[in-house]
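Asker: Quick one: sequence plus predicted model below, questions after.
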Amino acid sequence: MYIKRYHATLLVLLGLLLSGPLFAQVHEFKLRNGLKVLVKEDHRAPVVVAQIWYKVGSSYEHNGVTGVSHVLEHMMFKGTEKYDPGEFSKTIAANGGRDNAFTSKDYTAYFQQLEASRLPISFEMEADRMRNLTLPVTEFKKEVEVVMEERRMRTDDNPRSKTYEQFYATAFNSNPYGQPIIGWMNDLKNLEVDDLQVWYEKWYAPNNATLVVVGDVNPKEVLKLAERHYGSLSRSLNIKPLKPRVEPEQDGPRYIKVKAPARLPYLLMGYKVPVIKTAKEEWEPYALEVLASVLSSGASARFDKKLVREKQIAAQVSAGYNLYARQAELFIIDATPVAGKSVKQVQQAIKDEIELLKTQPVTRQELDRIKAQVVASKVYEKDSVFYQAMQMGTLETVGLGWQRLDEYPDKVRTVTAEQIMQVANKYLIENSLTVAELVPVSMKKQEKKN
């Protein structure tokens, strides 16, 4: 009884926190050239985060140029007509800030974290490289070598990453999520600076970008600053809606084995599931989100409790799901067997837990605990101005709109045990399953093979 009251009280408190004055409203503006500007005040500290999000990532790429988005991200630090290579980051650092960038399946983003009064420096330099990148051939040749070495270290020579890459390539035939963000090595070797130039001119434009600013700022002043630095930039005339690349219905489970030097075997299981953007039933992605937490959300979750501690069959098991993707995604489960146990045994134990979810409703006590955890994690993210901006930028760039962020707690709270059973029976099925197994081999065998 105490536990039920505790979690009910926590949910109420979290709801009050989310709607309280601490988390101010978002101000949305749009410049004449199409640049969307989102500003959120957070005056707890004299700092600001500025992020520019471009609607382009690896899922926009086609065969022959995979990895182009990521290589271009690297080249964005290699100079414009106004600034020399490396000068962008040096200037931000000299002003007490830090900067970086990241490429995803659905977007490429650049950010600076600064003392609030230094925001004009960020705007001036970021706006300059939006349309004035020089892409020198010598810098390109060096940087594409850096990316290829990054691929060797992080994927080719990393057994689990290699398995993960092959897992996605097996799961998706048409959906571009089957392509690696870093690109296939053959494409990187044959990439040319002209490929980057075409990519840059098409996608890096104000009408394909969102500027997100969160921190100790005045929205009207931010708008004036954006108009001053970004307002005169030209639009891209080549941006058209992407042709749909919908994955054909899968007719049976897919299995692959990846042999690589490794100490332990590794298991990946993925079921094709809808996301908010693709779901026909609005509640389904939230039910899948809660389902993932039922299986894997701390020491009291089912996987950790049953497979790790009670049965001692797995060293670790986790479940994950990204409901904010642009295209349909995978509900992923990964596991490492303990010594003396096989991947097959762990896989069967995982399937047994999934079958229980299909036939036995989650208890009210368990559901309350999970909802409190899921909602709390979203609240805690708001402690960071960076993650506040990150959440808005992600939702806006994948086409959901930043407004959907505030729906999350309420949608999660309304998920029922019956809905969890429904999505388990509908989506966690053999016909939509892809399984990848990392099979450890000795280094000597691998060298002989090579």
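Answerer: Yep, it's here. Please read these numbers as outputs of a predicted model, since none were measured by experiment.
Asker: now the end-to-end length of stretch 417-437.
Answerer: 32 Å (C-alpha to C-alpha, to the nearest Å).
Asker: Residue 121 is in contact with residue 225, correct?
Answerer: No. Between residue 225 and residue 121 there is no contact under C-beta atoms under 8 Å: 10.7 Å. (C-beta placed from N, C-alpha, C; glycine too.)
Asker: more crowded one of these two?
Answerer: residue 225 (23 against 17; other C-beta atoms under 10 Å).
Asker: Skipping adjacent residues, who's closest to the more buried one in space?
Answerer: Of all residues not flanking residue 225 in the chain, residue 123 sits nearest, at 5.4 Å (C-beta to C-beta, 6 or more residues apart in numbering).
Asker: Which strands or helices does the helix or strand where the one you found lies pack on?
Answerer: Per DSSP states H and E, residue 123 falls inside helix 119-131. With contacts defined as 3 or more C-beta pairs under 8 Å, 6 or more residues apart in numbering; DSSP states H and E, the packing partners of helix 119-131 are strand 47-54, helix 87-94, strand 108-115, helix 219-230.
Asker: and that helix, average pLDDT?
Answerer: Taken as a whole, helix 119-131 has a mean pLDDT of 98.
Asker: Return the residues in contact with residue 331.
Answerer: Contacts for residue 331 (C-beta atoms under 8 Å, 6 or more residues apart in numbering) come out as 270-273, 288, 291-292, 319-321, 427-428.
Asker: how about 6 Å then?
Answerer: Contacts here follow C-beta atoms under 6 Å, 6 or more residues apart in numbering; on that basis residue 331 touches 271, 273, 321.
Asker: looking at this, it is in a helix?
Answerer: No. Remark: residue 331 does not belong to a helix; assigned using DSSP: H, G, I helix; E, B strand; the rest coil, it is strand.
Asker: Can you spell out which residues form a bridge with it?
Answerer: In this entry, residue 331 is beta-bridged to residue 271, by DSSP bridges.
Asker: which residue sits closest to residue 29, ignoring its sequence neighbours?
Answerer: Spatial nearest neighbour of residue 29, chain neighbours left out: residue 37 (4.3 Å); criterion: C-beta to C-beta, 6+ apart.
Asker: By pLDDT, rank the contacts of residue 331 and give me the bottom one.
Answerer: Of all the contacts of residue 331, residue 321 carries the smallest pLDDT score, 93.
Asker: thought that one was touching residue 293?
Answerer: No. In this structure, residue 321 is not within contact of residue 293 by C-beta atoms under 6 Å, at 9.4 Å.
Asker: hang on, the residue nearest to residue 29 in a strand?
Answerer: Yes. Assessed with three-state DSSP, residue 37 lies in a strand.
Asker: Pass me the low-pLDDT residue ranges in the chain, would you?
Answerer: 1-23, 443-450 (pLDDT under 70).
Asker: if we can go back for a sec, is the residue nearest to residue 29 in contact with residue 209, as I believe?
Answerer: No. Residue 37 is not in contact with residue 209 according to C-beta under 6 Å; the separation is 9.7 Å.
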